[in-house]
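Student: quick one: sequence plus predicted model below, questions after.
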Amino acid sequence: SEEAMAAMARTVPKLWSDVRQRRKFEDLADFYAILKATEQLERAYISSAITQSEYTQECNKLIGQFKTSEKALQSAGAITSTKDFIYEYQLDVPRAVERLVESGVPATTIYHTTAEAGGGAAIAETTQTIITAMDALKLEQRAVDDIHPLISDVMGSITKVPDLPKDFTGLAKTQEWLVTLNQMRAADEIDEDQARQLIFDLELVYTSFVDWLKKKGGSQGS
């Protein structure tokens, strides 16, 4: 009956008492969904259920959504950190934590993948991304949201180069920088010591890459 429905409505607890609280819980639900979706995407990629390009495209989208959502929730005081949120709601999303919180880039950016374009294109792209990142730092760009995409581009391009050794000089250091930058807020800036070190590390990567290309060319010509 209508009376019974009205009585039930009065007894069911509400998660919110006003529009602001309702919005907060909707945002938390979206954040929860992003974490779960990323976990499922990582599982699908590991099991080869999707292609590299499909994975990369979807992962980049989720990373963008995550960063926007996390920043908004922290600014509103709805969460203190993603890891605290995961603990509070007992989420089992270890792969999502690695992808979103720790690395901040798709697995295809970090680990060596088969180049979809030719080797020459991957080499040219790598050279250009390293130079672009160094130029930006020398022009005193220091904001994390400016630098992180540039270092991500370096990592993403260099891992597409065919036959590049897995222990190539600078790869591990570049990955460390990605993790460091990802764990800073977008509005943060690296200090001058960090900037000098990052330029030094990028120059090392560039020099090592050029030397490797020369040796590779020499061995093919002999």
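Tutor: Arrived safely, thanks for sending.
Student: hey, let's count contacts and neighbours off CA atoms from now on
Tutor: OK.
Student: not counting its neighbours along the chain, what's nearest the residue nearest the centre of the chain?
Tutor: Nearest to the mean C-alpha position of the chain, by C-alpha atoms, centre = their mean, lies Gly104 at 2.0 Å. The spatially closest residue to Gly104, leaving aside those adjacent along the chain, is Asn182, at 5.6 Å (C-alpha to C-alpha, 6 or more residues apart in numbering).
Student: what of Glu125?
Tutor: With C-alpha to C-alpha, 6+ apart, the residue lying closest to Glu125 is Ser157, at 6.1 Å.
Student: repeat that for Gln52.
Tutor: Using C-alpha to C-alpha, 6+ apart, the nearest residue to Gln52 is Thr108, at 7.1 Å.
Student: number of nearby residues for Val154?
Tutor: Neighbourhood size, Val154 [other C-alpha atoms under 10 Å]: 27.
Student: confidence score at it?
Tutor: For Val154, the model assigns a pLDDT of 92.
Student: can you map out the helices along this structure?
Tutor: Taking DSSP state H to define them, one finds helices in the chain at 2-11, 19-46, 52-75, 82-88, 94-96, 107-110, 119-138, 144-158, 171-182, 192-221.
Student: show me what contacts the residue nearest to the centre of the chain?
Tutor: 63, 178-179, 182 (C-alpha atoms under 8 Å, 6 or more residues apart in numbering).
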